[in-house]
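K.L.:
dropping a prediction and its sequence here:
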Amino acid sequence: MASVIVPLAEGFEEVEAVGLIDTMRRGGIEVVTAFIEDELHGRLVTGANGITIQADVSLKNIIVDDFDMMVLPGGWGGTHALADNSRIIELVKEFKANKTIGAMCAAPFVLKKAGVLGSKYTCYPSVKDDINHDGYQDDKKVVIDNNVMTSQGPGTALCFGLAIIEQLVGKESMQSVKDGMLLNYC
């Protein structure tokens, strides 16, 4: 079974995190959420809009070999917390070197900081200037550049989840989830 780790930090974008987690699980992917050890509330991580999620494991206990991919949801608060965390930067580099890495909305900023953002990417439109990296594409909901996947924002979370399912599980599983969720716009 394919497996994905989703780190959550205070201020993450809830629609993105929950949409991705739900969609990937529908596609047969094991999804584990992680919290940053120095967060104030431990396993309980509060998003940008006041929704609190209980994460599964501490970031310090993540072993890259246990997962096929790491996916970073956006939200500026969560993105900055992830970008400022040395363990996240280390993990992002390891996933890029050996696995697949994904980021959406503001989170491609973390990939840029880690030096792993590819030559093609997308993100939330207002964040592209902060990322300041050539290769921005505004005409696609999801951009795949070798083993780096990016997506635009809250409204593209389900499409991003489907793209991840296709990459990790296959087109047939992706199509089954897409049909079942009535996702005609992806």
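P.N.:
Received it, and whenever you're ready, just let me know what you need. Note that the coordinates shown come from a computational prediction; the quantities given were computed from them, not determined experimentally.
K.L.:
which residue, other than its chain neighbours, is closest to Leu59?
P.N.:
Distance criterion CB to CB, 6 or more residues apart in numbering; nearest residue to Leu59, sequence neighbours excluded, is Ala34 at 4.6 Å. In this view, the C-beta of every residue, glycine as well, is placed from N, C-alpha and C.
K.L.:
so Gln152 touches Cys123, yeah?
P.N.:
Yes: contact status for Gln152 versus Cys123: in contact at 6.6 Å, counting by CB atoms under 8 Å.
K.L.:
tell me the phi and psi of the residue nearest to Leu59?
P.N.:
According to degrees, to the nearest 10, the main-chain angles of Ala34 amount to phi -130, psi 150.
K.L.:
can you pull out the helices in the chain?
P.N.:
14-26, 76-83, 86-98, 108-114, 128-131, 157-168, 171-180 (DSSP state H).
K.L.:
and the first one, what does it pack onto?
P.N.:
Counting contacts by 3 or more CB pairs under 8 Å, 6 or more residues apart in numbering; DSSP states H and E, helix 14-26 is packed against strand 3-8, strand 30-35, strand 52-54, helix 157-168, helix 171-180.
K.L.:
now swap in the fifth one and tell me
P.N.:
In this structure, helix 128-131 packs against helix 108-114, with contacts taken as 3+ CB pairs under 8 Å, 6+ apart.
K.L.:
give me the mean pLDDT for the helix it packs on.
P.N.:
Helix 108-114 shows a mean pLDDT of 97 in the predicted model.
K.L.:
likewise for stretch 22-40?
P.N.:
Confidence over stretch 22-40 (mean pLDDT, whole number) is 90.
K.L.:
with stretch 78-89 instead?
P.N.:
Stretch 78-89 carries an average pLDDT of 96.
K.L.:
now that stretch, how far from the chain's geometric center?
P.N.:
Between the centre of stretch 78-89 and the centre of its host chain there is 13 Å, according to CA atoms, centre = their mean, to the nearest Å.
K.L.:
stretch 74-94 too?
P.N.:
Centroid separation for stretch 74-94 versus its chain: 11 Å, with CA atoms, centre = their mean.
K.L.:
what's the first-to-last distance across that stretch?
P.N.:
With CA to CA, to the nearest Å as the measure, stretch 74-94 spans 20 Å from end to end.
K.L.:
what's the answer for stretch 123-132, then?
P.N.:
End-to-end span of stretch 123-132 (CA to CA): 11 Å.
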